[in-house]
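*Asks:* I need the structure of the sequence given here:
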Amino acid sequence: MSRIGKKPIPVKDVTVAKTGDLLKVKGKLGELEMKVHPNIKVEITKEEIVVTRPNDFKENRALHGLTRALINNMVVGVTEGYTKSLDIVGVGYKAEAKGDGVLFTIGYSHPILFIPPAGIKIDVPGPTQIKIFGYDKELVGMIAAKIRSFRKPEPYKGKGIKYSNEVIVRKAGKTAGK
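*Replies:* Down below sits the predicted model:
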């Protein structure tokens, strides 16, 4: 039995509704929906959500834990939200808030203006720090990866945009000849 799949999901301050194989979770931050695989059963009570599988076939075992984790991410997202932090490293590299978007100056001949999609808030507490906040974990991660892709950190000086908890493994540069 899946250790993750058999744990019930506590539901507090959240409205959960299931119609057919579509599961909707609504909380104070927003509303998310997900299509549940037909083999997986989702039972909703007032205090918790329980995910079960019909048998021990390999596909159903994989879907069991996955479905439970995705539903838990939805519940946590609409109640607390998710945050990703990025750091900008490099001389002259910076970010600044411009209206509802962010303007990046990261060593190209032109600045990059990034406007986030609905449901995502980007905060720039300092010129070299970016905080991304949203209630959809997948979307927050995708936006963080998109911003990081503007200038990935390079291994020699570490210049670029990196996650705050990311460790850049440095390479040694050229060594001088005789």
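*Asks:* spatially speaking, which residue is in the middle of this structure?
*Replies:* The C-alpha lying nearest the average C-alpha coordinate of the chain belongs to G141 (CA atoms, centre = their mean; 2.9 Å).
*Asks:* Low-confidence bits of the chain, can you list those?
*Replies:* Residues of the chain that meet the criterion pLDDT under 70 lie in 1-2, 177-178.
*Asks:* Past the longest helix belonging to the chain, which element shows up next along the chain?
*Replies:* Longest helix in the chain, counting residues (DSSP state H): helix 58-79. Downstream of helix 58-79, the next assigned helix or strand under DSSP states H and E is strand 82-89.
*Asks:* Given that following strand, what are its sheet partners and their directions?
*Replies:* Note on strand 82-89: by DSSP bridges, its sheet partners are strand 129-134 (antiparallel), strand 160-163 (antiparallel).
*Asks:* how about those, which one is nearest A176?
*Replies:* With CB to CB as the criterion, A176 lies closest to strand 160-163 of those, at 26.3 Å. All C-beta spots, glycine's among them, are computed from the backbone N, C-alpha and C.
*Asks:* quick revisit: okay if I get the strands paired with strand 82-89 as JSON lines plus distance to A97 and mean neighbour count?
*Replies:* Output for the strands paired with strand 82-89, formatted as JSON lines (distance: least, CB to CB, whole Å; neighbours: other CB atoms under 10 Å):
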{"stretch": "strand 129-134", "distance to A97": "10", "mean neighbour count": "20"}
{"stretch": "strand 160-163", "distance to A97": "16", "mean neighbour count": "19"}
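*Asks:* Am I right that the residue nearest to the centre of the chain sits in a helix?
*Replies:* Yes: under DSSP: H, G, I helix; E, B strand; the rest coil, G141 falls within a helix.
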